[in-house]
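> no sequence on this one, just coordinates:
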């Protein structure tokens with residue numbers, strides 16, 4: 001007869017209750033990982049509870065009825081067998097292996113578990129797993145099958161961890177999945193060698209804590225500011241429903257979100273986001289609500305819901321202010337509906353479609369847009385193709401440089417040029433920069449693209465006689481992301497030295513978007529000026545132009561955005577002449593962009609602009625053509 005010591009399992013059970021309480025207090029995303037972890041928590045509670053009760057009952061066998069001891073021990077063994085199967089299933093989920101997709105494999109993997117449960121149930125009558133006699137609890141002849149089942153799933157887990165380890169992106173997650181299975185293995189050894197101490201439950205609790213810290217914490221899927229599900233949760237849910245997404249999505253975006261955030265301030269805007277999320281949770285409890293950053297909200301629900309009515313309710317709600325104790329915000333929203341009832345092949349397909357339609361909705365405002373039509377799918381495929389061509393061009397160093405001339409406003413002779421990046425599709429056609437530059441900025445390839453353009457400009461200067469052309473400088477555009485690199489100046493200087501070029505031959509163009517952090521901008525410009533680089537402010541007038549701030553900025557040239565040039569030429573006023581006069585007094589040279597007619601050129605010259613750029617003089621042309629065109633000066 002065995003005499004059980006429950007002193008270790010009781011505190012483990014109390015710790016488990018604390019974990020369960022915290023877990024149940026937070027919203028949980030309904031995906032397989034969370035459902036399986038929830039099942040493990042509940043089952044673990046049952047295992048520990050019945051381990052304590054059945055062990056106590058076995059110690060008191062002389063005063064308790066045999067049928068009660070049989071039931072208590074059978075429930076314990078039943079939940080014990082379920083425990084290891086659930087740990088195994090969670091391992092497959094973390095490894096992104098769906099064991100239920102292949103029916104034959106699923107049946108084979110389930111056979112040991114089902115067989116063990118049959119043995120346990122029949123053992124209540126046959127005594128194969130355990131039996132009760134006058135001496136109390138005794139192990140039956142098939143008790144060893146509990147460990148056969150346990151080690152089958154443990155070693156299958158270790159095999160799958162090795163085989164599918166690269167499906168887990170983060171190293172600490174790979175370590176965690178290996179650790180919790182190893183801890184369960186060690187705990188099983190203690191159960192075999194020290195059966196009366198009930199240490200196995202404590203080791204399983206340790207495995208549960210590791211899973212919680214690495215994968216199971218509901219906060220991983222929540223936005224802390226508003227308790228809505230985050231973008232990671234959205235991707236996880238969509239990935240899990242690939243090829244069988246039986247739901248619809250109503251997405252909406254706060255129009256001009258970043259501008260509105262500047263107006264109201266960070267604190268008030270965060271409160272507004274929280275108010276919107278709370279409204280969605282209260283009014284649409286049958287939907288999952290996500291906050292996808294940048295003022296983008298997503299409601300995901302069943303196909304039978306009245307989505308047009310929900311849209312109307314939300315549209316009318318946005319006509320009213322969002323009010324809290326500290327905030328009253330007036331916001332506009334643009335909406336889009338995504339129909340996923342036919343299924344989809346990848347999460348990226350759905351997420352990109354959401355992104356495309358919300359970009360349109362941001363422009364169109366509260367217009368209702370039906371998503372997933374042929375136009376949207378075509379646009380999504382176009383983006384994928386552009387991304388592929390861009391990455392291919394960068395990897396093969398096949399990014400081309402086109403030049404557009406800058407001419408002297410007084411003499412109309414070539415003075416400088418602007419270098420513009422170009423890539424081609426598979427048919428050799430030029431892809432517009434507006435199509436691939438934003439993609440390069442989003443996926444982190446903009447730095448490599450910019451470096452290639454800069455190097456090819458240096459190569460062009462070194463291989464051609466710029467003096468004969470009359471070319472005194474070439475402007476090279478910098479992305480705001482590229483501009484923030486602390487090693488930008490050193491990298492460019494190294495390239496210049498390689499081609500024997502001095503920094504004054506290249507002017508670096510930045511837009512007002514790069515000036516959001518004034519101190520950082522001035523620090524970067526001063527640093528690069530020490531290397532000999534000069535800066536040009538591009539597209540002045542397109543953003544929130546600020547003459548006072550510009551006065552402190554060390555630019556050598558200000559380029560007027562073509563929109564304000566066109567506006568002035570169509571309807572002359574006093575604003576642009578005053579701006580140009582102010583620039584001249586601040587010792588800035590001025591370039592007018594978008595010059596298309598002689599009349600426009602004359603008007604900009606009359607205003608005092610130093611340089612002109614536009615289709616009147618030339619479209620951007622390949623570097624070879626530019627060199628031939630201006631070779632004779």
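Everything's here; your move. Note that this is a predicted model, so its numbers are computed, not measured.

> can you pull out the helices in the stretch 401-550 of the chain?
Here the stretch 401-550 of the chain has its helices, by DSSP state H, counting those that start in this stretch, at 433-442, 446-463, 466-469, 480-483, 488-499, 518-529, 547-551.

> Which one, of those helices, ends up nearest to residue 406?
helix 466-469 (12.1 Å; CB to CB). Where you see a C-beta, it was placed from the backbone N, CA and C, and this is true even at glycine.

> Return the set of buried residues in that closest one.
466, 469 (16 or more other CB atoms under 10 Å).

> and it, how far out from the chain's middle?
48 Å (CA atoms, centre = their mean, to the nearest Å).

> Same question for stretch 489-501.
35 Å.

> Could you pull up the mean pLDDT of that stretch?
Mean pLDDT, stretch 489-501: 90.

> got TSV for the helices of the stretch 401-550 of the chain, with distance to residue 90 too?
Converted to TSV, these look like this (distance: least, CB to CB, whole Å):
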stretch	distance to residue 90
helix 433-442	33
helix 446-463	39
helix 466-469	66
helix 480-483	39
helix 488-499	46
helix 518-529	45
helix 547-551	55
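
> looking at the ones you listed, which is closest to residue 348?
The nearest among the helices of the stretch 401-550 of the chain, by CB to CB, is helix 433-442 at 12.7 Å.

> coming back round to it: if you average pLDDT over each of the helices of the stretch 401-550 of the chain, which is lowest?
helix 547-551 (a mean of 63).

> pLDDT below threshold where in the stretch 1-150 of the chain?
1-4 (pLDDT under 70).

> ok, which stretches of it are helices?
9-25, 32-59, 66-94, 103-126, 145-163.

> Dump these to JSON lines, plus distance to residue 587.
As requested, these are exported to JSON lines (distance: least, CB to CB, whole Å):
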{"stretch": "helix 9-25", "distance to residue 587": "63"}
{"stretch": "helix 32-59", "distance to residue 587": "62"}
{"stretch": "helix 66-94", "distance to residue 587": "62"}
{"stretch": "helix 103-126", "distance to residue 587": "75"}
{"stretch": "helix 145-163", "distance to residue 587": "66"}
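
> Mind checking the ones you listed for the one nearest to residue 434?
Here helix 32-59 is closest among those (CB to CB), at 39.5 Å.

> which other helices and strands contact the closest one?
Judged by 3 or more CB pairs under 8 Å, 6 or more residues apart in numbering; DSSP states H and E, the packing partners of helix 32-59 are helix 9-25, helix 66-94, strand 136-139, helix 200-211.

> rerun that using 6 Å as the cut-off
helix 9-25, helix 66-94 (3 or more CB pairs under 6 Å, 6 or more residues apart in numbering; DSSP states H and E).

> among these, which is the most enclosed?
With neighbours defined as mean count of other CB atoms under 10 Å, these peak in mean count at helix 66-94, which reaches a mean of 20.

> got the angle for it vs helix 103-126?
Helix 66-94 and helix 103-126 are oriented at 170 degrees to each other (axes from the mean of the first three to the mean of the last three CA atoms, to 10 degrees).

> ok, residue 448 - contacts?
Contacts for residue 448 (CB atoms under 6 Å, 6 or more residues apart in numbering) come out as residue 394.

> Could you pick out the longest strand of the chain?
strand 414-424 (DSSP state E).

> between that one and helix 446-463, how many degrees?
Going by the same axes, to 10 degrees, strand 414-424 makes 130 degrees with helix 446-463.

> Does strand 414-424 pack against any helices or strands, and if so which?
helix 374-395, strand 400-408, strand 430-431, strand 473-477.

> swap the cut-off to 8 Å and go again
helix 374-395, strand 400-408, strand 430-431, helix 433-442, helix 446-463, strand 473-477.
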